[in-house]
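Q: Mind folding the following:
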Amino acid sequence: MKQAVLASNYKTGLHSTSSNICGESTADRQTHFGLTFPFTATSLDLVLKGSFDDSTHPWWGIRNLKIYANYGTTDDGTVVVSELAKEKSFGNENWSTSTKGSLVKCGDNQVFGGPPSTGAGATFSRAVSGLGSHSFVTIKLKTFWIDTMDINDSVIFYLDDKIIHEQGKN
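A: Next comes the predicted model:
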C-alpha cells in the first residue's frame, strides 16, 4: 500500500462492508467509508485510480458520493457534492474517465464503474469548485469490488495530485 500524504489529523472510518452483493459466485464486496482531512482551498480535484496486478480483473465502482466542507473533524459541515445516489439522478456527467465510464448494476445497486471500464489503471476524475470557507473536507462514498481481489489490488484516491487514501482488500 502507498503511504497517504496527509497531516496528522487525517482520519478515516470504515463504516460497513458486505460480501457477494452483486449476486455472483465471485467474492464481490461493498465498502462504505469516509475520509476527513485538513483542506482550505475553494476548489479540489478528486481522482480515483485502479491499481491491480492483473489487467483483466477485478473491477471496481462507486456510488453515493458526498463531499462536505467543514470546520473541524467532528463538524458535519456543508454538503457541496451529492451524486451517484438513488435519490438523485444517477448520471456521471460531472466525471472525466480514462475509459468509457460505464454505469452497471451490482445486485440492487447502480454503480459508476464496473466491468469492463475499471480494470488496472482506470481513472475517474471529478473537479469541484465553490467550497466556501472551511478548514477540513470530508469525502464519503461506497466502493464496490467486483470479482476476486488480490492482496495488492487497490483503488488510490488523489486530491490535487496527492494521495489521500488507498482502499484495498484489507
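
Q: all contacts plus neighbour counts: C-alpha atoms, from now on.
A: OK.

Q: and the nearest residue to E166 once chain neighbours are set aside, what is it in contact with?
A: Excluding the flanking residues, the one nearest E166 by C-alpha to C-alpha, 6 or more residues apart in numbering is I156, at 4.4 Å. I156 is in contact with 48-51, 163-167, counting by C-alpha atoms under 8 Å, 6 or more residues apart in numbering.

Q: how near is I156 to C106?
A: Applying C-alpha to C-alpha, to the nearest Å, one obtains 21 Å for the distance of I156 from C106.

Q: Point out where the protein drops to low pLDDT.
A: Along the chain, the parts satisfying pLDDT under 70 run over 1-20, 23-27, 53-58, 73-75, 86-90, 100-101, 116-117, 119, 147-151, 169-170.

Q: ok, now with 50
A: 1-11, 14-16, 87 (pLDDT under 50).

Q: Tell me where it has helices.
A: Applying DSSP state H to the chain gives no helices.

Q: now the strands for it?
A: Applying DSSP state E to the chain gives strands spanning 11-19, 29-38, 43-51, 59-70, 78-83, 96-97, 103-106, 109-113, 123-129, 136-146, 154-159, 162-168.

Q: any idea how far the fourth one is from the chain center?
A: What that stands for is strand 59-70. 5 Å (C-alpha atoms, centre = their mean, to the nearest Å).

Q: who are the neighbours of it, in terms of helices and strands?
A: For strand 59-70, the packing partners by 3 or more C-alpha pairs under 8 Å, 6 or more residues apart in numbering; DSSP states H and E come out as strand 78-83, strand 109-113, strand 136-146.

Q: Compute the number of surrounding residues for the closest residue in space to Q110 that isn't next to it in sequence.
A: Among residues not flanking Q110 along the chain, V104 sits closest, at 5.7 Å (C-alpha to C-alpha, 6+ apart). By the measure other C-alpha atoms under 10 Å, the count of residues near V104 is 16.

Q: Numbering from 513 from now on, please.
A: Sure thing, new numbering starts at 513, so read that last one as V616.

Q: right, and V616 touches T630 too?
A: No. V616 lies out of contact with T630 (C-alpha atoms under 8 Å); the separation is 11.3 Å.

Q: and the residue nearest to N606 when sequence neighbours are not counted, bridged to which residues?
A: Distances taken as C-alpha to C-alpha, 6+ apart place R638 nearest to N606, at 6.5 Å, with adjacent residues excluded. Counting by DSSP bridges, R638 forms beta bridges with L558.
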